[in-house]
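1. Sequence and predicted structure are below.
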Amino acid sequence: MSKKIALPVKYKVAVVSALNDGKKNASICEQLGLSQSTVSSIWKNRSALLDAHENGVTSAKRFRLCEKNDIDEALLQWFRRQSQIRTPISEPILKIKAERFATVLGYSERFC
């Protein structure tokens with residue numbers, strides 16, 4: 001059994017482009033060494049992939065959309081300010097800050 005791999009978004013967009021250009025699923029599988037189910041999954045999720053690609057996500061292998069855009073935007077602005085002053089930021093710090101923004105913005109449930 002082959003090892004499961006996660007392809008970058010730009011690679012998946014290339015697969016979608018090839019399918020849009022009329023190439024057959026089987027020929028793409030053979031050319032790129034992918035299974036038919038992988039190519040079919042990429043095609044099925046093409047709208048989300050193309051949206052992510054348009055928003056500048058190209059090297060990510062997986063992406064998750066935030067359901068609470070206001071928390072996401074506040075966290076992104078905070079992160080950019082901290083990056084400008086070269087403050088080291090770890091995952092636990094991001095989680096704590098996201099929870100604080102959630103509290104300030106009126107969310108009661110835990111999401112991290």
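-> Everything's here; your move.
2. give me every residue that touches L75.
-> For L75, the contact set (Cβ atoms under 8 Å, 6 or more residues apart in numbering) comprises 94, 97-98, 101. The C-beta positions use only the backbone N, C-alpha and C, and glycine is treated the same way.
3. What does the pLDDT read for it?
-> Note on L75: pLDDT of 90.
4. ok, now the one 5 residues further on?
-> In the predicted model, R80 carries a pLDDT score of 91.
5. gap between it and V16?
-> 31 Å (Cβ to Cβ, to the nearest Å).
6. Tell me the first helix or strand C-terminal of the helix or strand of the chain with the lowest mean pLDDT.
-> Counting by mean pLDDT, DSSP states H and E, the weakest-scoring helix or strand in the chain turns out to be helix 46-54, with a mean of 83. As assigned by DSSP states H and E, the chain's next helix or strand after helix 46-54 is helix 69-84.
7. looking only at pLDDT, what's the mean for the next helix or strand after that following helix?
-> Once helix 69-84 ends, the next helix or strand along the chain (criterion: DSSP H and E) is helix 91-104. Averaging pLDDT along helix 91-104 gives 90.
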